[in-house]
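Colleague: Next come a sequence and a model predicted from it.
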Amino acid sequence: MASLIPYSNYDRALRRAFPFDMFDELLSSPLVSAASDGAFKMDVEDAGTSYVVTAELPGVNKDEIDVELNEGRLSISVDKRETEEHKAKNFLHKETHEWSASRGVYLKDAATAGLTAKLDGGVLTITVPKQEEKVNVTKVSID
């Protein structure tokens, strides 16, 4: 009876029995992040009369970013490529790489007029004004 393990501690007991703790620590380390998958962090704020979308894009130039609003879906695409000058260098250690990623969010009442985008200090800020929500329901009277 003394060798029984409570169900709530079973997971911890299994980890002690097997040498997989290093792998769990490696996978949960801050070095493995969304940016290493090619993704980037994005926040969407409802600011009353508009939406404010911010995306963290350190080291990305504005000509490597594509922003589109199509039927309420705001898409941000990044295609980070190395220049020929970087490719010609002989690096001893290199942690930067080429990557591409795309993220999107649906904004149901987004207006196409008045969109602004600004890249400052590695943070892309897009302001999407809201339009008056149109009612798509029509009441039909019965004769």
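Modeller: Okay, I see it.
Colleague: mind pulling up the phi and psi values for the residue lying closest to residue 62 once chain neighbours are set aside?
Modeller: Nearest residue to residue 62, sequence neighbours excluded (CB to CB, 6 or more residues apart in numbering): residue 119, at 4.8 Å. In this view, the C-beta of every residue, glycine as well, is placed from N, C-alpha and C. Per-residue torsions, residue 119: phi -110, psi 120 (degrees, to the nearest 10).
Colleague: Report the contact partners of residue 119.
Modeller: 57, 60, 62, 65, 125 (CB atoms under 8 Å, 6 or more residues apart in numbering).
Colleague: and the gap between the last one and residue 119?
Modeller: Separation of residue 125 from residue 119 (CB to CB, to the nearest Å) stands at 8 Å.
Colleague: Tell me which stretches of the protein form helices.
Modeller: Using DSSP state H, the helices of the chain run over 10-17, 21-27, 84-88.
Colleague: Would you mark the buried spots in stretch 105-112?
Modeller: Neighbour-count burial for stretch 105-112 flags 105, 107, 110, 111 (criterion: 16 or more other CB atoms under 10 Å).
Colleague: Beta-bridge partners for the residue nearest to residue 62, please?
Modeller: residue 124 (DSSP bridges).
Colleague: Looking at it now. What's its pLDDT?
Modeller: Residue 119 is assigned 95 on the pLDDT scale.
Colleague: residues in contact with residue 66?
Modeller: Residue 66 neighbours (CB under 8 Å, 6+ apart): 75, 76, 77, 78, 79.
Colleague: burial measure for the last one, as a count.
Modeller: Residue 79: 14 surrounding residues under other CB atoms under 10 Å.
Colleague: Check the fourth one too.
Modeller: Neighbour count for residue 78, taken as other CB under 10 Å: 21.
Colleague: ditto for residue 57
Modeller: By the measure other CB under 10 Å, the count of residues near residue 57 is 22.
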